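Novice: Output the structure for:
(chains A and B)
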Amino acid sequence: MVNSANKTGAAGISAEVRNLRKQFDGEPVLRGINLNVQPGEIFVIMGPSGSGKSVLLRHIIGLETPDSGEVFVGGKPVSDAVLSEFRLAMVFQSGALLNSFTVTENVGLYLTEHQTKSESEIKKIVAEKLELVGLTGHEDRLPSELSGGMKKRVAIARALVIEPQLMLYDEPTSELDPVMAATIGHEISRLRQRTGTTSIVVTHDRDLAFGIADRMALIHEGQIRCVGTPAEIRTQTDPIVNDFLNAEFSLKRKTKSL
Amino acid sequence: MFYKDIGELLVLFWKTLQELPQAWRHRRKIFEQLFEIGNASLFMVGLLSLFIGGVLALQTGPVFKDRGVVSFVGGMVGLAMAKELGPVMMAILIAGRVGSAMAAEIGSMLIFQEIDALKTMNINPVRFLVLPRFVAIAIAMPCLVVLATLVGWMGGAIVSVANSEIALTFDGYFNSLKDMVGPLDMLNGSIKSLVFSQIIVFVSCHQGLNTRGGPRGVGRSVTKAVVNSIILILIADYFLTRIMIKW
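Specialist: Numbering: from 1, shown residues only, chains lettered A, B, ... in the order given. Next up, the predicted model:
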């Protein structure tokens, strides 16, 4: 594989999905998805659990092979060569940290493996990113010694180190408190301002979605129900979209009526 | 399924060979694995070999003495340890101790999406996980087998001298050993151990990389890694012996 770690400062790249279909054990998960994400855009994908959002992300970064349809990154069909040519990163829902490695080793993994920076530079970059996600002082801990939220923040720091041209976030704010969730949202926007990174964010967090999205899509049962700016999505008349966006706890009302 | 596994093993072997020029860049991981495979196995290897050598002398000594060829005990223990028991027993020990750990570690990394995370960082999992183990075990195994052979000889010598039913002298034991065991016999054992090491590393890594399901899947991969390694080691041992019998 070509080492692409030295290509810094490049702007964001586009991502396009054409008529993507995927099934697991005969069960369709994606049923003809079409998406076009522009370079530098923050694109949010929302949808109920099991609707195929994470599977879609895995296709965009080449971890899954489509049954049919095509995925393009930077205008080229996804392949090992293309994934080497561009800098892509993904924040997994579970964090997917290397459990035998310390926080510092995890965050600096990309740089140490591609060996494009000196050890002192790597240390400095890792310290910066850990400070950004509020984890200074936890450098030598193992993932098993961290809470779920802390693991997620380490995963975000690890992805930020890559300075990606296309960043995929799978539920970046789940397990985070509202303050840290807002910090992460801010960081997603800041990354775009600083390097023009394209971001595709899968989330259930409506505050995050409407706070950062340039455009958003809602997936339901493996199909896109709507795509548009946050303002356009709010005015949708599709009942499934409305149910998802307007769902709220009404325990007090229900308790009174009992 | 059998042919698919063999095919996948060969593909994994080829992919690892292609990564071999990158080995020096990954020397730190290779040293870590060398410590894990070699250093951490030393005590077990020494203990096991001492008793294997001792048992060989104990089983054969009295029989040889009855037939008036007790002086051959040294040579018999020497040959058996160098050509057969050293490499085979150590391979079985390493398959159980190191092969199981490889399959468990890689299997866990797979089910916890760590390998997916490596791929997204453009880090080749074969280079990151298999290459260091491949190089380390190829270095460590022949060294361990030489050590095992030497310790086994000592075990045989101690029993041959200390046991009153054999009652050899150290000189008598080692003279016989020197007469019957030559450098080619040691080379024979080293070649076997190198082949066995590759069986262990590729079967274990392949099982780890094909883990399905959760922790139960990891357990299944570990069992299959150890059992398949041992079966292949014993089959390979026969054919290697057949090829090298005339040496």
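Novice: Share the number of residues neighbouring B:Phe43, please.
Specialist: Neighbour count of B:Phe43, defined by other Cβ atoms under 10 Å in any protein chain shown: 9. Every C-beta, even on glycine, is put in place using the N, C-alpha and C of the backbone.
Novice: Distance check, it against chain A.
Specialist: Distance, B:Phe43 to chain A, using Cβ to the nearest Cβ, to the nearest Å: 23 Å.
Novice: Also B:Cys205?
Specialist: 16 Å.
Novice: Likewise for B:Val146?
Specialist: Separation of B:Val146 from chain A (Cβ to the nearest Cβ): 30 Å.
Novice: my guess is that residue meets B:Asn188, correct?
Specialist: No: with contact defined as Cβ atoms under 8 Å, B:Val146 does not count as touching B:Asn188 (12.0 Å).
Novice: Where does the prediction get shaky in chain B?
Specialist: Residue ranges of chain B with pLDDT under 70: B:1, B:247.
Novice: one step back: tell me which of B:Val146 and B:Asn188 has more neighbours.
Specialist: In terms of neighbours (other Cβ under 10 Å), B:Asn188 is the more surrounded of B:Val146 and B:Asn188; the figures are 22 against 18.
Novice: host element of the more buried one?
Specialist: Assigned by DSSP states H and E, B:Asn188 belongs to helix B:183-209.
Novice: just checking, what packs against the host helix or strand of B:Leu47?
Specialist: Counting by DSSP H and E, the element that carries B:Leu47 is helix B:42-66. With contacts taken as 3 or more Cβ pairs under 8 Å, 6 or more residues apart in numbering or on different chains; DSSP states H and E, helix B:42-66 sits against helix B:73-79, helix B:86-94, helix B:131-162.
Novice: Just give me the neighbour total for residue 99.
Specialist: Unless you meant another one, I'm taking chain A. 16.
Novice: meant chain B, my bad for not saying
Specialist: 33.
Novice: Validate this expectation: it resides in a strand.
Specialist: No: looking at B:Gly99 with DSSP: H, G, I helix; E, B strand; the rest coil, it is helix, so not inside a strand.
Novice: ok, B:Phe112 to A:Ser94 distance?
Specialist: Relative to A:Ser94, B:Phe112 is positioned 7 Å away (Cβ to Cβ, to the nearest Å).
Novice: Neighbour count: those two, which is higher?
Specialist: Just comparing B:Phe112 and A:Ser94: by other Cβ under 10 Å the higher neighbour count belongs to B:Phe112, 20 against 17.
Novice: could you measure that one against chain A, distance?
Specialist: As judged by Cβ to the nearest Cβ, B:Phe112 and chain A stand 7 Å apart.
Novice: Wait, that residue touches A:Ser100, no?
Specialist: No: contact between B:Phe112 and A:Ser100 fails when scored by Cβ under 8 Å: they sit 10.9 Å apart.
Novice: Tally up the residues packed near the nearest residue to A:Ser147 once chain neighbours are set aside, please.
Specialist: Excluding the flanking residues, the one nearest A:Ser147 by Cβ to Cβ, 6 or more residues apart in numbering or on different chains is A:Glu175, at 7.8 Å. Number of residues near A:Glu175 (other Cβ under 10 Å) recorded here: 18.
Novice: quick one on the thing from earlier: next structured bit after the helix holding B:Asn188?
Specialist: Helix B:183-209 is succeeded, C-terminally, by helix B:215-244 (DSSP H and E).
Novice: Can you name the residue of chain A nearest to chain B?
Specialist: A:Ala96 (3.9 Å; Cβ to the nearest Cβ).
Novice: can you tell me which helix or strand that residue belongs to?
Specialist: Assigned by DSSP H and E, A:Ala96 falls within no helix or strand.
Novice: check contacts around it.
Specialist: A:Ala96 sits next to A:Ala155, B:Phe112, B:Gln113, B:Glu114, B:Asp116, B:Ala117 when contact means Cβ atoms under 8 Å, 6 or more residues apart in numbering or on different chains.
Novice: which stretches of chain A have low pLDDT?
Specialist: For chain A, the stretches flagged by pLDDT under 70 are A:1-10, A:249-258.
Novice: can you pull the contacts of the residue nearest in space to the middle of it?
Specialist: Nearest to the geometric centre of chain A sits A:Tyr169, at 0.9 Å (Cα atoms, centre = their mean). Contacts of A:Tyr169 were listed using Cβ under 8 Å, 6+ apart, and they are A:Met90, A:Val91, A:Ile156, A:Ile188, A:Ser199, A:Ile200, A:Val201, A:Val202, A:Thr203.
Novice: let's go with 6 Å and repeat that
Specialist: Contact analysis of A:Tyr169 by Cβ atoms under 6 Å, 6 or more residues apart in numbering or on different chains lists A:Val91, A:Val201.
Novice: mind checking the SS state of it?
Specialist: Secondary structure for A:Tyr169, judged by three-state DSSP, is strand.
Novice: What residues are bridge-paired with it?
Specialist: Per DSSP bridges, the residues bridged to A:Tyr169 are A:Val91, A:Val201.
Novice: Tell me how far it lies from A:Val202.
Specialist: Per Cβ to Cβ, A:Tyr169 is found 7 Å from A:Val202.
Novice: ok, now A:Glu175?
Specialist: Taking Cβ to Cβ, one finds A:Glu175 at 14 Å from A:Val202.
Novice: in terms of contact, does A:Asp140 touch A:Thr102 like I think?
Specialist: Yes: between A:Asp140 and A:Thr102 there is a contact under Cβ atoms under 6 Å: 5.3 Å.
Novice: In three-state terms, label B:Phe174 for me.
Specialist: Here B:Phe174 is recorded as helix under three-state DSSP.
Novice: Would you mark the buried spots in stretch B:195-209?
Specialist: Neighbour-count burial for stretch B:195-209, counted by 16 or more other Cβ atoms under 10 Å in any protein chain shown, picks out B:195-209.
Novice: which residues sit against it?
Specialist: With contact meaning Cβ under 6 Å, 6+ apart, stretch B:195-209 is reached by B:8-9, B:12-13, B:91, B:94-95, B:99, B:102-103, B:106-107, B:130, B:133-134, B:137-138, B:141, B:221, B:224-225, B:228-229, B:232-233, B:236.
Novice: circling back: closest one to B:Met44 out of the buried residues of stretch B:195-209, please.
Specialist: Proximity of those to B:Met44 (Cβ to Cβ) peaks at B:Ile200, which lies at 15.0 Å.
Novice: Next up, the contacts around the residue nearest to that closest one when sequence neighbours are not counted.
Specialist: Computed as Cβ to Cβ, 6+ apart, the closest residue to B:Ile200 that is not its neighbour in sequence is B:Gly99, at 4.5 Å. B:Gly99 is in contact with B:Ile200, B:Ser204, B:Ala225, B:Val226, B:Ser229, counting by Cβ under 6 Å, 6+ apart.
Novice: now the residues you listed in JSON lines, with distance to A:Glu145?
Specialist: JSON lines is the format used below for the contacts of B:Gly99 (distance: Cβ to Cβ, whole Å):
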{"residue": "B:Ile200", "distance to A:Glu145": "32"}
{"residue": "B:Ser204", "distance to A:Glu145": "28"}
{"residue": "B:Ala225", "distance to A:Glu145": "29"}
{"residue": "B:Val226", "distance to A:Glu145": "30"}
{"residue": "B:Ser229", "distance to A:Glu145": "34"}
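Novice: Name the nearest of those residues relative to chain A.
Specialist: In terms of Cβ to the nearest Cβ, no member of the contacts of B:Gly99 lies closer to chain A than B:Ser204, at 16.5 Å.
Novice: mind listing the helices for the stretch 101-250 of chain A?
Specialist: Here the stretch 101-250 of chain A has its helices, by DSSP state H, counting those that start in this stretch, at A:103-107, A:109-114, A:119-132, A:148-161, A:178-195, A:206-212, A:230-234, A:239-246.
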